[in-house]
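Q: Need a 3D model of the sequence below.
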Amino acid sequence: MNPPKVLFLVEGFTDIRFVTGLSQISSLTMAIPAVAYAESGLKERLQASNASLRVEEIPGGRLAFQLASLLHLLKHAREFDVVLCQEVLRGALNGTLVGKVTNTPVITYMNVAPVEYFRCRYERRQCSWLTAVVGEAVIRTLMIINGKLGTCCVALGPYLMKIASNYSARTVMGLYYGVDPTYYRPVNEREKFELRTKLRLPPDRFIIFLSSRISHEKDPETVLHSVALARARGLNAVLLNLSGGYQDFLHLAKTVAGDQAQEWVLARPPADPTTELAAYYQAADCLAQASLAEGLGLSPLEAIACGTPAVCTAVGGLSANLNGHARLTPRRDPEAMAREFLWISENRQAARAQAVAGREFVIREWSREKAFRELADLFETVRDVRTTQSASSHPASA
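A: Numbering: from 1, shown residues only. Next comes the predicted model:
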C-alpha cells in the first residue's frame, strides 16, 4: 500500500527531527510560514538533508498567515489522507474547520500545555491581569473547538495526554520525534575528554549543560542561582547554554550574578540536533532543566540516553515522566538544585548509574523508532476509517 498523503500544517517553528521522521512514514507536504521557515534554520537544514517532501511556504505575519493558510487548506485539503496540525490552537482551528468542510481527517498534536504555559507570562508580569484572563479564555475555547472538530489529538507524554483528554474525545499518546539511542549514547572518560577538546570546553571543570531555549515557561534564573550557590560551596562549575536566545541568556547571567558571571557562564548558538547536539550531552557532567511549566522535557531524556545525569524541576511532564530517572527538585528552588549538583559531583558513579539505568527506560519507552512507528500506525488507521466511510456512503451500483 502506498504511504499516506500527509499535509503537516505548521504555524511557527518546528523541529527538523520531526519533519524528517514524518517524511519517512508518509508522502509529506509541509505548509509553513515563510519567515519562520527561514529564520529558524529549518529551510537550510532540510535542503542539506536527504528528506523527501514538498514544502509550501506561506507568506505574511500572524494574521496574514492565518487567512492564507485557511485558503490554502480549502484549496488543497482534499488531496490528502490526513492533515496534521502543529499544536491545538489558532493554526489547528483552520485545519479542523476545513477538515469538517472537506471531510478530511485532521489530527492535532499537543506538544505543550497551552494554559499552563500562558499563565507563566502573567507570573513573569509579561501581561496584565485582564490580558491573562482573556487570553486563557481564548486558549480554552480554541482547545474545546479543535477537540470537538478534530479526528484525533496526539499528546506528547502522559502528562499532556491527561490534559488533552479533557478536550478531545479521542486522545492518544505520542512521542514527538523520540530519542535515537544510537546517536545519544554513553561515552567513556577518554572520549569525554576528547569531546571537550573538540568543542572548546574546559577539560577540568564540572560542566552543567542547559540545553533549553529562553522563554517564558522556562526558569533559567533558578539554574543560574543554583550554580552560583554550588560554586560558593566549592564546586568548580561552569554553566553552558545552547539556544537561539543565547545572547539573552548571557545578559540574564550578568543580571543575576554580575560581571563575575563571565568566569563561569558559557553560551553559544544552538547546535544541529542531528549532527552536533549529542556531543554536548556526552561532554557534560550533568544536565539542568528548570521550568515553571513543562509538557514533557525531551532534553533530559536525551541526556539520560547519553548516561549523563539530569537535574530537573518536578513540574508537569518532567515530574510525570522522569521520576526515578532524573534528580527532581521543587519549583523555583535554587538551594535544592545546588544540592543536587553537589551530590552528583561527590557521587559520580552512583549518579551515572542512575542515568545509565534510565537509558533503558528511554530505549524502551521513548525511542525514535517507536515514536514514528506508532504515528505511522495512527495515519494508517485514520486513512482506513476514511476509506471505509467513503465506501459506505457511495455504495457500488447494483
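
Q: low-confidence ranges in the protein?
A: Residue ranges of the chain with pLDDT under 70: 386-398.

Q: tell me the domain ranges of it?
A: 5-178+368-388, 189-365 (automatic domain parsing).

Q: ok now the first one, how far from the chain's centre?
A: Taking Cα atoms, centre = their mean, to the nearest Å, one finds domain 5-178+368-388 lying 13 Å from the centre of the chain it belongs to.

Q: repeat for the last one
A: From the chain centre to the centre of domain 189-365 is a distance of 16 Å (Cα atoms, centre = their mean).

Q: picking up where we left off before, want to throw the domains of the chain into CSV with mean neighbour count?
A: All C-beta spots, glycine's among them, are computed from the backbone N, C-alpha and C. Putting the domains of the chain into CSV (neighbours: other Cβ atoms under 10 Å) gives the following:
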stretch, mean neighbour count
domain 5-178+368-388, 19
domain 189-365, 20
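
Q: what sits against Ala278?
A: Counting by Cβ atoms under 8 Å, 6 or more residues apart in numbering, Ala278 touches Tyr183, Tyr184, Arg185, Glu302, Cys306.

Q: Where does the nearest residue to the first one once chain neighbours are set aside fall, secondary structure wise?
A: Right, the one you point to is Tyr183. Of all residues not flanking Tyr183 in the chain, Ala278 sits nearest, at 5.3 Å (Cβ to Cβ, 6 or more residues apart in numbering). Secondary structure assignment for Ala278, by DSSP states H and E: helix 277-283.

Q: Show me what the following helix or strand past that helix is packed up against.
A: Counting by DSSP H and E, the next helix or strand C-terminal to helix 277-283 is strand 286-289. Packing partners of strand 286-289 (3 or more Cβ pairs under 8 Å, 6 or more residues apart in numbering; DSSP states H and E): strand 206-210, helix 220-232, helix 298-305, strand 310-313, helix 334-346.

Q: for Thr275, helix, strand, or coil?
A: Classification of Thr275 using DSSP: H, G, I helix; E, B strand; the rest coil returns coil.

Q: about what we covered before: would you put the C-alpha positions of the helix holding Ala278 in PDB?
A: Listed next in PDB are the C-alpha coordinates belonging to helix 277-283 (Å, rounded to 0.1, in the frame of the first residue of the first chain):
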ATOM      1  CA  LEU A 277      24.000  18.100  19.900                       C
ATOM      2  CA  ALA A 278      24.700  14.700  21.300                       C
ATOM      3  CA  ALA A 279      28.400  15.600  21.800                       C
ATOM      4  CA  TYR A 280      27.500  18.300  24.300                       C
ATOM      5  CA  TYR A 281      25.400  15.900  26.400                       C
ATOM      6  CA  GLN A 282      28.300  13.500  26.300                       C
ATOM      7  CA  ALA A 283      30.900  16.100  27.300                       C
END
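
Q: what's stretch 371-386 in contact with?
A: 4, 6, 21-22, 24-26, 81-82, 103-105, 107, 151-152, 154, 172, 174-178.

Q: which residues of the stretch 101-250 of the chain fall in helices?
A: Along the stretch 101-250 of the chain, counting by DSSP state H, counting those that start in this stretch, helices occupy 114-123, 129-149, 157-164, 189-198, 220-232, 246-257.

Q: ok, the residue lying closest to Glu191 once chain neighbours are set aside - contacts?
A: Spatially, and ignoring its direct neighbours in sequence, Glu191 is nearest to Gln282 (7.2 Å; Cβ to Cβ, 6+ apart). Each residue near Gln282 by Cβ under 8 Å, 6+ apart is listed here: Arg185, Pro186, Val187, Glu191, Lys192, Leu195, Cys306, Thr308.

Q: What's the end-to-end length of stretch 1-14?
A: End-to-end span of stretch 1-14 (Cα to Cα, to the nearest Å): 29 Å.

Q: hmm, I was thinking of stretch 80-89
A: With Cα to Cα as the measure, stretch 80-89 spans 21 Å from end to end.

Q: Please apply the same query to stretch 249-267.
A: 7 Å.

Q: Other residues contacting it?
A: 201, 210, 214, 220-221, 224-225, 227-228, 231, 237-243, 246-247.

Q: rerun that using 7 Å as the cut-off
A: 214, 220-221, 224-225, 228, 231, 237-241, 243, 246 (Cβ atoms under 7 Å, 6 or more residues apart in numbering).

Q: Which member of these is positioned nearest Trp366?
A: Ser243 (22.1 Å; Cβ to Cβ).

Q: Please verify my assumption that the closest one contacts Arg268.
A: No: look at Ser243 against Arg268 with Cβ atoms under 7 Å: they stay out of range, at 8.6 Å.

Q: so which helix or strand takes in Ala31?
A: For Ala31, the host element (DSSP H and E) is strand 27-33.

Q: Please determine how far Gly21 is located from Asp180.
A: 10 Å (Cβ to Cβ, to the nearest Å).
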